[in-house]
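K.L.:
quick one, what's the 3D model for this:
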Amino acid sequence: MDLNISGKVALITGGDSGMGLATAKILAADGVKIILSDLDEESLKDAAAELTAEVKDVKVSTFAANLADNASVLKLAAFAEEQYGGIDILINSAGARGAAGDFLTLTDEDWQETINTDLMGAVRVCRAFIPQLQKKGWGRVILIASENAYQPYEEESPYNACKAGIINLSKCLSRSYSKDGLLFNCVSPAFIETPMTDAMMDDLAKERGETREEAIKWFLKNKRPNLAVGRRGKPEEVAAVIAFLVSEQASFVNGVNYRVDGGAVESAF
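P.N.:
Next comes the predicted model:
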């Protein structure tokens, strides 16, 4: 599919691996200029090298930023403005599982740490970059939520709440800024092959005294029995949906959440 966005500039947070990097590859192949951002500059350099090896003639820049720090986000926005005259596409893929465990064991600090990264990180990047999109009169914003927003898991209450908030935030922004030519949508993945779920499975494997693959099989059977396809999703499968939503082909899609979950959410709604 021709996305019809060649020459646009996309900022992808959480862009050094997983869904963020997979999305960068699809967009770059369509002629989009890419800014990859994450916490670690070295991992970003590796990601940029992987991208340029796969997509010839791509223009890619990297900028390490911490979305839990507003000053860092503002520096990222200034970089995008100085280097590219602002962005056209914002994909906020950065996030963390955060504190997990029995609800009564989680402290205020546990909640605040998760909220500061997963919810307020999205708030900060939207606040910093919406003016750049308004200036261009065209923009696409994708916020990554999760199946947890619809089907919360009891040991992940802070993460569940943040991801539900992300969907609400996206809908709110879609109502506020559509008049400026900006479209806001969410994508909600479930159990994708990412560094975050790798770490979860490694912890589970250690706890159970087995391999990661054995832990994944146990987890699918016992913790995600509704995941109808019976496997972890691939980053590319999520990236394909994101790429469609930022394209001209999705010009009438706004304020919507797309679940890319292999059937993991049991409810139809």
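
K.L.:
what's Asn257 sitting at in phi/psi?
P.N.:
In this entry, Asn257 is assigned phi and psi values of phi -110, psi 120 (degrees, to the nearest 10).

K.L.:
and the gap between it and Gly233?
P.N.:
In this view, Asn257 and Gly233 are 16 Å apart by CB to CB, to the nearest Å. Quick note: C-beta positions are derived from backbone N, CA and C, even for glycine.

K.L.:
cool, Ala10 as well?
P.N.:
Taking CB to CB, one finds Ala10 at 22 Å from Gly233.

K.L.:
neighbour count winner among the two?
P.N.:
The residue with more neighbours, out of Ala10 and Gly233, is Ala10; 26 against 21, by other CB atoms under 10 Å.

K.L.:
any idea what that one is bridged to?
P.N.:
Under DSSP bridges, the beta-bridge partners of Ala10 are Ile34, Ile89.

K.L.:
got the contact list for Val58?
P.N.:
With contact set as CB atoms under 8 Å, 6 or more residues apart in numbering, Val58 has these partners: Ala28, Lys33, Ile34, Leu51, Thr52.

K.L.:
can you turn the buried part of those residues into a ChimeraX selection?
P.N.:
For selection in ChimeraX, the members of the contacts of Val58 meeting the burial criterion (16 or more other CB atoms under 10 Å) are listed in this command:
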select :28,33,34,51
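
K.L.:
could you pull out the strands in the stretch 51-200 of the chain for me?
P.N.:
Counting by DSSP state E, counting those that start in this stretch, the segments of the stretch 51-200 of the chain that form strands are 60-64, 89-92, 139-144, 182-189.

K.L.:
name the stretch among those that sits most buried.
P.N.:
Between these, the one whose residues have the most neighbours on average, counting mean count of other CB atoms under 10 Å, is strand 89-92 (a mean of 28).

K.L.:
and it, what does it pack against?
P.N.:
Contact here means 3 or more CB pairs under 8 Å, 6 or more residues apart in numbering; DSSP states H and E; on that basis strand 89-92 packs against strand 9-13, helix 18-29, helix 120-136, strand 139-144, helix 235-246.

K.L.:
avg pLDDT for the third one?
P.N.:
Here helix 120-136 scores 98 as its mean pLDDT.

K.L.:
name the residues that touch that helix?
P.N.:
With CB under 8 Å, 6+ apart, helix 120-136 has contacts from 11, 13, 67-68, 70, 73-74, 76-77, 80-81, 86-88, 90, 92, 94-95, 139, 141, 143, 166, 169, 173, 177, 180-182.

K.L.:
what do you get if the cut-off is 6 Å, keeping everything else the same?
P.N.:
Defining contact as CB atoms under 6 Å, 6 or more residues apart in numbering, one finds that helix 120-136 is touched by 67, 70, 73-74, 77, 86-87, 90, 92, 94, 139, 143, 166, 180, 182.

K.L.:
skipping its backbone neighbours, what lies nearest Thr194 in space?
P.N.:
Sequence neighbours aside, Gly18 is the residue nearest to Thr194 in space, at 3.7 Å (criterion: CB to CB, 6 or more residues apart in numbering).

K.L.:
what do you get for Pro158?
P.N.:
For Pro158, the closest residue by CB to CB, 6+ apart turns out to be Thr114, at 3.8 Å.

K.L.:
give me the low-pLDDT residue ranges for the protein?
P.N.:
1 (pLDDT under 70).

K.L.:
can you get me a residue count around the residue nearest to Tyr84 when sequence neighbours are not counted?
P.N.:
Taking CB to CB, 6+ apart as the measure, Tyr84 lies nearest to Val9, with 4.6 Å between them; neighbours along the chain are not counted. When neighbours are counted by other CB under 10 Å, Val9 registers 23.

K.L.:
mind listing what Val9 touches?
P.N.:
Contact analysis of Val9 by CB under 6 Å, 6+ apart lists Lys33, Tyr84, Ile87, Asp88.

K.L.:
shouldn't the third one be in contact with Ala80?
P.N.:
This means Ile87. Yes - contact criterion CB atoms under 6 Å: Ile87 and Ala80 qualify, at 5.1 Å.

K.L.:
looking at these two, which is more packed in?
P.N.:
When neighbours are counted by other CB under 10 Å, Ile87 comes out ahead of the other of Ile87 and Ala80, with 25 against 22.

K.L.:
on that earlier part again, redo the strands of the stretch 51-200 of the chain as a markdown table? Include distance to Ala264.
P.N.:
Shown next, in a markdown table, are the strands of the stretch 51-200 of the chain (distance: least, CB to CB, whole Å):
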| stretch | distance to Ala264 |
| --- | --- |
| strand 60-64 | 32 |
| strand 89-92 | 21 |
| strand 139-144 | 15 |
| strand 182-189 | 9 |
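
K.L.:
thanks a lot, catch you later.
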